[in-house]
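Chemist: Please find the sequence and the predicted model below.
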Number of protein chains: 2
Amino acid sequence: MKKIIYLLLLMPFFGLSQATEPSNADAVFIKKLSDEILTNGKAYDLLYELTKKVGGRIAGSPAMYKAEAWGVNAFQQLGAPAVSKQACQVPRWVRGSGDFANITSIDGKKQMRTLDVLALGNSLGDGKKVEGTLLAVQDFADLEKHKNEVKGKIVYFNNSFDATIVKTFEAYGKAGQYRRNGASQAAKYGAVGCIIRSLTSSTANDPHTGGMAYNDSFPKIPAQAVGPRDADYLWSLAKQSSNVKVSMATHGKFLPDTTGHNIIAEIKGSQFPDEIITIGGHLDSWDVNEGAHDDGAGVVHTMEVMRAFLAVGYTPKRTIRFVLFANEENGLRGGSAYAAAAKDKKEKHIFALESDEGGFTPRGFSFTAVPEKVAAAQRWLPLLKPYGTSSMDDIGGGADIGPLNRTFNTPLCGFLPDSQRYFDVHHARSDVFENVNKRELLLGAVNIAGLIYLVDKYGF
Amino acid sequence: MKKIIYLLLLMPFFGLSQATEPSNADAVFIKKLSDEILTNGKAYDLLYELTKKVGGRIAGSPAMYKAEAWGVNAFQQLGAPAVSKQACQVPRWVRGSGDFANITSIDGKKQMRTLDVLALGNSLGDGKKVEGTLLAVQDFADLEKHKNEVKGKIVYFNNSFDATIVKTFEAYGKAGQYRRNGASQAAKYGAVGCIIRSLTSSTANDPHTGGMAYNDSFPKIPAQAVGPRDADYLWSLAKQSSNVKVSMATHGKFLPDTTGHNIIAEIKGSQFPDEIITIGGHLDSWDVNEGAHDDGAGVVHTMEVMRAFLAVGYTPKRTIRFVLFANEENGLRGGSAYAAAAKDKKEKHIFALESDEGGFTPRGFSFTAVPEKVAAAQRWLPLLKPYGTSSMDDIGGGADIGPLNRTFNTPLCGFLPDSQRYFDVHHARSDVFENVNKRELLLGAVNIAGLIYLVDKYGF
């Protein structure tokens, strides 16, 4: 009781409770959710299980099935009233083993140096050694300038990850085209192999993989990412000599598509059961790490929010779906299947939230919604500010929930943790449990739970 | 030019530049500082030198002198117009070696278990083994209840570090009394030794040291901190048995005071040279770690802000002092000497900022100032928001700059990075370079530089 009075004193900016206005009772209830999560939260332990007992879990792999079984079981153990699996066909890219890239000679002098590389996701390679002279270019414009020199060479893109951009996802957005399209752009002019600078601001030399796609009009050449220190080395070497020989090989291939599943837990709404709120993260990860931040964090945020609602005895007015999406990384098949099934069933999806930017300390939310809805959500800022939410912007939403928006015009919301460390580990071997901080992870769940509670209570 | 127009478009909320109102030119200049720091920042490299080449540097130790020499040289290398050393007497506490705490028997059965402990800073011990039955209490109230049972025992305080408090410094503030006063409170009732739960929210078992003080009225018994997992073990053990024997020893002692120094770089003001703005961190650290976050980060923030001002050719209106304070951890002698010297010279100190909460991602600033001044500073929030500052509150200032406030009523400002990971490493062996993230560290300097620029330009 003392605590309630204290909160009332802290929150003089709220008027009397009205039907759709946040009230002091909301502040008290969100504090209750926060205390529950910060005291009894299971997100960190669940993340340990997912990362250490399942591990990397790329779509179509045996680990994908292990992760699905873990997800069903974990939801059940947490007391989910209903858990189901929703099938979807997923691609099955296999990296293979034995990939490499080496500097073999400089100015005709034999000189061996092994680069730390990872083949880009979806890239193909028959494992045969590809050799060529290094052609290092800064960007696509630079490639165009040198297009007559590309034939038979191995093109290195020294694409920048702009350190001056504070919001690191914007730097990622700008640099992403080199990972996605660099290989085919180089192949268009006759390159036999392609290496890109990893999309990262890290001080470590880990290479970062991630999805690429070939343009079917050009040869499908091997494509790799090199860590930032090796990238600096390659770039400086290329400035010293135009006669650097590189050999590389990759072993990527696609096996036939297979059946994956979205894992869905549901709490039925007490007043408006046909109005559905979705919250989710993706269960798949790349194959080279434990997918701890990407997107183990989103998976366990989703589970923790459900657990906290059940633990405090919250009965939602609307139906809340907790979804672990299949195959975000190289297909988005889970998110697409979820929206397609919803369309078939003529469901009413009023709001969808995704956590797929890691388990870092919370900073805010981004919406894809009409300005009036964003403005309405911003009224809730004071309620979430004590837990780290300092902004609600209209700058985005999320990948897996995107199809819901395209199908139903459902308002989307992305959880925004602090982004400064995300690209240190994103798609790199270092995305492991040890790089997730327990309190930062739990606080993410606190803010998401608070927002979902408000959306459920007041609608959106 | 394009960039300037872009910024103008982004900042429609500012009116025309007035004498004391932040302007579009300010947004442009702060972006320039940010680009300089995020592109050419030296803070991370400087921190590497301080942590790896100097290492732990407790007041009075040989490493303190090494750190001072490093500080003078680094300021000079960075182009400081003037660098000086300001002497102060500092205590010289020496931990010694061979400290331990062991469980030796349970219910009369010999059973050896070594606890991972660190003696508390300033605690004394002659190295002789102290043995006693364990008396575990939750807090001081619990100790009072059991005061007749304390004699001859080793008291363990299971003081909590409240996980439900989102602002971790508040949890630290509440728990700090057990570290500072626990030993003498226990000794008052005849305890022969004292162990406290470390002041941390960490998932690791590292013990955390930190300053304590004896009450001269009672025996000066050995005092140690135990890591959180060992703390849980002790607490559960004490619930099972009232006959647990513990042996412990510490070796702490004070050597005579010696002379330490504040290291001060200065850029003279061009218009108001007698108005002094101070920015600083403390050069000393505890002896068990590298003092990377505490307070290597504050040291290199201070240096980086100076470097950035010089690099972009900024000529301050007011005199800016960049201060590496001596002996914050167990004496505050540097901060006291700085204020005393300022008083002697009748200096005019208009503003002082301290960075002593780590090198984590920036969240805001806290002020000790009259409400009108805090409100004035809050007008600057939109200028710093793009770099991570989302709050400016009137909830504090800093330790080393405290004496300036008490002497001159100088407004104080504390830089507030995100606090969720701070108490994982604070005063523990894990406060090392590897636990500092380069971008988070540099962004701290960006926000501090921006604020200092505004204070210099508009006064305070």
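Modeler: Right, received. Where do you want to start? Everything quoted here is computed from the prediction, not taken from an experiment.

Chemist: burial of the residue of the stretch 301-450 of chain A found nearest chain B, as a residue count?
Modeler: The nearest approach of the stretch 301-450 of chain A to chain B comes at A:Ser390, 3.7 Å away (Cβ to the nearest Cβ). C-beta here means a position set from N, CA and C on the backbone, and glycine is covered the same way. When counting by other Cβ atoms under 10 Å in any protein chain shown, one arrives at 18 neighbours for A:Ser390.

Chemist: A:Leu255 contacts A:Arg92, doesn't it?
Modeler: Yes: contact criterion Cβ atoms under 8 Å: A:Leu255 and A:Arg92 qualify, at 4.3 Å.

Chemist: follow-up on the earlier one: who's the closest spatial neighbour of the residue of the stretch 301-450 of chain A closest to chain B, skipping the chain neighbours?
Modeler: If the residues on either side of it in the chain are set aside, A:Ser390 comes closest to B:Ser390, at 3.7 Å by Cβ to Cβ, 6 or more residues apart in numbering or on different chains.

Chemist: Surely the one you found and B:Thr361 touch.
Modeler: No: between B:Ser390 and B:Thr361 there is no contact, the gap being 11.0 Å when judged by Cβ under 8 Å.

Chemist: So which of A:Leu255 and A:Arg92 has more stuff around it?
Modeler: Each of A:Leu255 and A:Arg92 has its neighbours counted (other Cβ under 10 Å); A:Arg92 has more, 20 against 11.

Chemist: Could I get the pLDDT score of the residue nearest to A:Ser390?
Modeler: The per-residue pLDDT reported for B:Ser390 equals 96.

Chemist: average pLDDT for the helix or strand containing A:Gly176?
Modeler: Secondary structure from DSSP states H and E places A:Gly176 in helix A:168-188. Confidence for helix A:168-188, expressed as mean pLDDT, is 97.

Chemist: C-terminal to it, what's the next element?
Modeler: Sequence-wise, the next helix or strand beyond helix A:168-188 is strand A:193-197, with elements assigned using DSSP H and E.

Chemist: helices and strands around that next one, which ones?
Modeler: Counting contacts by 3 or more Cβ pairs under 8 Å, 6 or more residues apart in numbering or on different chains; DSSP states H and E, strand A:193-197 is packed against strand A:154-157, helix A:168-188, strand A:223-226, helix A:228-240, strand A:244-249.

Chemist: returning to what we had before: roughly how far apart are the residue of the stretch 301-450 of chain A closest to chain B and B:Ser201?
Modeler: Applying Cβ to Cβ, to the nearest Å, one obtains 21 Å for the distance of A:Ser390 from B:Ser201.

Chemist: Check A:Ser336 too.
Modeler: Computed with Cβ to Cβ, the distance linking A:Ser336 and B:Ser201 is 40 Å.

Chemist: Neighbour count for the two, which is higher?
Modeler: Taking A:Ser336 and B:Ser201 together and counting by other Cβ under 10 Å, B:Ser201 has the greater number of neighbours (24 against 20).

Chemist: got a list of what that one touches?
Modeler: With contacts defined as Cβ atoms under 8 Å, 6 or more residues apart in numbering or on different chains, B:Ser201 is in contact with A:438-439, B:161, B:163, B:168, B:171, B:423-424.

Chemist: May I have the phi/psi pair for the residue of the stretch 301-450 of chain A closest to chain B?
Modeler: Backbone dihedrals for A:Ser390, given as degrees, to the nearest 10, come out at phi -120, psi 0.

Chemist: Tell me the residues of chain A that contact chain B?
Modeler: Counting by Cβ under 8 Å from any Cβ of the partner chain, the positions of chain A adjacent to chain B are A:34-35, A:38-39, A:44, A:163-164, A:166, A:168, A:201, A:203, A:361, A:363, A:386-388, A:390-391, A:418, A:420-421, A:424, A:437-440, A:443.

Chemist: Buried subset of these as a PyMOL selection?
Modeler: Selecting in PyMOL just the buried members of the residues of chain A next to chain B, where the criterion is 16 or more other Cβ atoms under 10 Å in any protein chain shown, is done with this command:
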select buried, chain A and resi 34+35+38+44+163+166+168+201+361+363+386+387+388+390+418+420+421+424+437+438+439+440+443
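
Chemist: Show only the entries of the residues of chain A next to chain B found in strands.
Modeler: With strands defined by DSSP state E, the entries of the residues of chain A next to chain B inside them are A:363, A:391.

Chemist: Hmm, A:Phe460 is touching A:Lys373, no?
Modeler: Yes: A:Phe460 lies in contact with A:Lys373 (Cβ under 8 Å); the separation is 6.2 Å.

Chemist: shared neighbours of those two, anything?
Modeler: Taking Cβ under 8 Å, 6+ apart as the contact criterion, the residues that touch both A:Phe460 and A:Lys373 are A:Pro411.

Chemist: contacting residues around the residue of the stretch 301-450 of chain A closest to chain B?
Modeler: Here A:Ser390 is in contact with A:363-364, A:381, B:363, B:390-391 (Cβ under 8 Å, 6+ apart).

Chemist: Can you pick out the most distant pair from these?
Modeler: Taking Cβ to Cβ as the measure, these span a maximum distance of 15.1 Å, between A:Leu381 and B:Arg363.

Chemist: quick one: low-confidence ranges for the stretch 101-250 of chain A?
Modeler: Across the stretch 101-250 of chain A, not a single residue meets the criterion (pLDDT under 70).

Chemist: Ignoring the adjacent residues along the chain, who's closest to whichever residue of the stretch 201-350 of chain A sits closest to chain B?
Modeler: Distances between the stretch 201-350 of chain A and chain B by Cβ to the nearest Cβ are smallest at A:Thr203, namely 5.2 Å. Nearest non-adjacent residue to A:Thr203, counting by Cβ to Cβ, 6+ apart: B:Lys438, 5.2 Å away.

Chemist: got it, and A:Ala136?
Modeler: The spatial neighbour of A:Ala136 that comes closest, neighbours along the chain excluded (Cβ to Cβ, 6+ apart), is A:Ala238 at 3.4 Å.

Chemist: which residues of the stretch 51-200 of chain A fall in strands?
Modeler: Assigned by DSSP state E, counting those that start in this stretch, the strands in the stretch 51-200 of chain A fall at A:82-94, A:100-106, A:109-114, A:117-119, A:130-137, A:154-157, A:193-197.

Chemist: for the longest one, what is the average pLDDT?
Modeler: What strand A:82-94 shows for mean pLDDT is 98.

Chemist: what comes up buried for that strand?
Modeler: For strand A:82-94, the neighbour count (16+ other Cβ under 10 Å) marks A:83, A:85-86, A:88-93 as buried.

Chemist: Going by distance to chain B, which of those residues wins?
Modeler: A:Val83 (28.8 Å).

Chemist: Centre-most residue in chain A?
Modeler: Geometric centre of chain A, nearest residue: A:Asp356, 4.0 Å, by Cα atoms, centre = their mean.

Chemist: correct me, but it touches A:Asp284?
Modeler: No: contact criterion Cβ under 8 Å: A:Asp356 and A:Asp284 do not qualify, at 11.2 Å.

Chemist: so what sits against both of those two?
Modeler: Contact criterion Cβ under 8 Å, 6+ apart; residues shared by A:Asp356 and A:Asp284: A:Glu328.

Chemist: quick one: the helices in chain A?
Modeler: Along chain A, the segments classed as helices by DSSP state H run A:2-10, A:24-40, A:43-48, A:62-77, A:140-145, A:168-188, A:228-240, A:297-311, A:333-344, A:371-378, A:381-384, A:402-408, A:422-425, A:438-458.

Chemist: Quick one: closest of those to B:Ala449.
Modeler: Proximity to B:Ala449 (Cβ to Cβ) singles out helix A:168-188 among the helices of chain A, at 20.0 Å.

Chemist: Please report how far the residue nearest to A:Thr203 lies from A:Arg421.
Modeler: Relative to A:Arg421, B:Lys438 is positioned 10 Å away (Cβ to Cβ).

Chemist: next one: A:Leu78
Modeler: 28 Å.
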